[in-house]
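> Next comes the sequence, and after it the predicted model I'd like to discuss.
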Amino acid sequence: MIDVTVVGDINVDLLTNPIINYPARDKQITTEMISLNPGGSAFNLAIACTKLGLKTKFIGKIGKDIFGDYLQKIIKETKLINRVKISKDEKTGITFGIAFKDKTRSFISYKGTNNTFSINDFKLSEIEGKVLAISGYNLLNSLRRDVPRLINYAKENGMKVGLDPNWDPNGWTQERLNDIFDIIKRLDWFLPDINEGEAIAYTKNDVLMVKKMLNLGAKCLLLKEGSKGCLLGQENYVKLIPGFTVESINTTGAGDVFFAAFIKAQLMGYSIEDSVIFANAAGALSTTKIGMNRYPTFDEVKSFAEPRMQFK
């Protein structure tokens with residue numbers, strides 16, 4: 001039986017080792033490594049779910065090209081239940097991720113097949129399990145209009161629904177913000193990061209961000225703040241769940257691992273606070289490795305998080 005259906009973006013990532021700064025115009029710098037990895041917030045989330053022991057279905061779209069072949073190989077290796085549409089006429093998406101030694105990062109993306117991915121590429125009946133997780137929302141221009149239908153279908157079938165909005169590279173226009181305002185009240189879990197929260201709530205104050213989004217109708221708000229931790233909000237309840245201190249080498253995908261671990265903890269019956277502690281631990285562990293090794297197992301996360309958790 002399926003535990004989680006993940007719907008969203010999939011691409012390849014070309015990730016650098018941490019550098020000090022961008023090269024000057026017409027200049028060149030070197031890095032110790034540039035690695036090829038599976039990418040896309042939703043695909044990262046799906047891989048992380050499987051590594052944590054969840055039976056996971058992934059729905060997305062790739063091209064019939066060398067990068068698409070690579071991603072199909074990853075799908076087989078991770079034992080994901082595959083509902084990926086392969087387009088003969090479009091190219092697989094690519095993201096170039098630049099990591100900096102101050103722990104920040106920047107991205108340059110070619111959306112490829114993600115830009116046309118929509119409900120026309122799959123059937124609603126393919127969404128099944130206990131949880132529907134949607135990620136890459138603001139990168140999926142064609143799927144955005146279908147998301148309310150996906151949520152409604154999942155709810156009608158007794159599923160929990162979580163959504164990570166991701167940064168909006170097209171600009172946070174009022175029209176696109178209105179889309180967020182419309183769906184936020186239908187979600188069980190909403191997982192913006194601090195930058196996305198600022199754009200949605202029009203404030204730099206993290207507590208006020210959470211309160212504003214709760215006022216928009218969010219039931220459970222998980223504001224990801226990197227190494228600081230996660231600000232948890234429910235109704236009139238706002239609490240910082242501190243992060244874990246680790247030696248990070250690349251933070252790309254940490255938020256996706258956080259999302260997966262939160263789902264795993266909730267399905268295990270953990271309290272909401274313990275679920276966030278567990279998710280913080282998983283996200284932190286993911287930053288200490290690269291490639292496929294960045295996705296921790298359930299036992300690895302449990303061992304790391306357990307001293308802080310009430311339910312063990």
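Happy to help now that I have it.
> Give me the distance between the two termini of stretch 237-249.
Start-to-end span of stretch 237-249 (CA to CA, to the nearest Å) is 34 Å.
> residues of that stretch that come out buried?
Across stretch 237-249, burial judged by 16 or more other CB atoms under 10 Å covers 238, 240, 241, 243, 244, 248. (Glycine included, C-beta is placed from N, CA and C.)
> mean confidence score for that stretch?
Mean pLDDT, stretch 237-249: 93.
> what comes into contact with that stretch?
17-18, 99, 103, 207, 210-211, 214, 225-233, 273, 276-277, 280-281, 283-285, 287-290, 304-305 (CB atoms under 8 Å, 6 or more residues apart in numbering).
> same thing but at 6 Å, please
207, 210, 227-232, 276-277, 280-281, 284, 287-288 (CB atoms under 6 Å, 6 or more residues apart in numbering).
> which one of those is nearest residue 132?
Nearest to residue 132 out of those is residue 276 (CB to CB; 20.0 Å).
> can you pull the contacts of the closest one?
Counting by CB under 6 Å, 6+ apart, residue 276 touches 230, 232, 241.
> what are the bridge partners for the first one, then?
On DSSP bridges, the residues paired with residue 230 through beta bridges are residue 224, residue 241.
> For it, grab the count of nearby residues.
26 (other CB atoms under 10 Å).
> residues contacting it?
Residues near residue 230 by CB under 6 Å, 6+ apart: 222, 224, 241, 276, 280.
> Tally up the residues packed near the first one, please.
Residue 222 sits with 27 neighbouring residues when counted by other CB under 10 Å.
> What segments of the stretch 51-200 of the chain are helices?
Under the criterion DSSP state H, counting those that start in this stretch, helices of the stretch 51-200 of the chain are mapped to 66-78, 141-144, 147-156, 174-184, 194-201.
> so which of those comes closest to residue 11?
helix 66-78 (7.7 Å).
> Enumerate the positions of the closest one that are buried.
67, 68, 70, 71, 74, 75, 78.
> neighbouring contacts of that helix?
12, 38, 47, 50, 62, 82, 92.
> picking that back up, looking at the contacts of residue 230, which is nearest residue 159?
Nearest member of these to residue 159, counting by CB to CB, is residue 222, at 18.0 Å.
> got the helices of the stretch 51-200 of the chain as TSV, with mean pLDDT and distance to residue 127 columns?
Below are those laid out as TSV (pLDDT from 0 to 100; distance: least, CB to CB, whole Å):
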stretch	mean pLDDT	distance to residue 127
helix 66-78	96	18
helix 141-144	94	13
helix 147-156	98	6
helix 174-184	95	16
helix 194-201	96	24
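> so which of those gets nearest residue 264?
Closest of the helices of the stretch 51-200 of the chain to residue 264 is helix 66-78, at 15.2 Å (criterion: CB to CB).
> now that closest one, how far from the centre of its chain.
With CA atoms, centre = their mean, to the nearest Å as the basis, helix 66-78 stands 19 Å off its chain's centre.
> wait, what's in contact with residue 172?
Residue 172 neighbours (CB under 6 Å, 6+ apart): residue 199.
> ok, 8 Å please
199, 200.
> where's it relative to residue 107, distance?
Separation of residue 172 from residue 107 (CB to CB, to the nearest Å): 17 Å.
> Residue 217 too?
30 Å.
> And for residue 93?
On the measure of CB to CB, residue 93 and residue 107 end up 12 Å apart.
> neighbour count winner among those two?
residue 93 (30 against 14).
> my guess is the more buried one contacts residue 12, does it?
Yes. Contact criterion CB atoms under 8 Å: residue 93 and residue 12 qualify, at 7.4 Å.
> which residues are in contact with both of these two?
In contact with both residue 93 and residue 12: no residue, using CB under 8 Å, 6+ apart.
> ok, the residue lying closest to residue 106 once chain neighbours are set aside - contacts?
The shortest distance from residue 106 to any non-neighbouring residue, by CB to CB, 6 or more residues apart in numbering, is to residue 98 (4.8 Å). Counting by CB under 8 Å, 6+ apart, residue 98 makes contact with 16, 19, 22, 105, 106, 107, 108.
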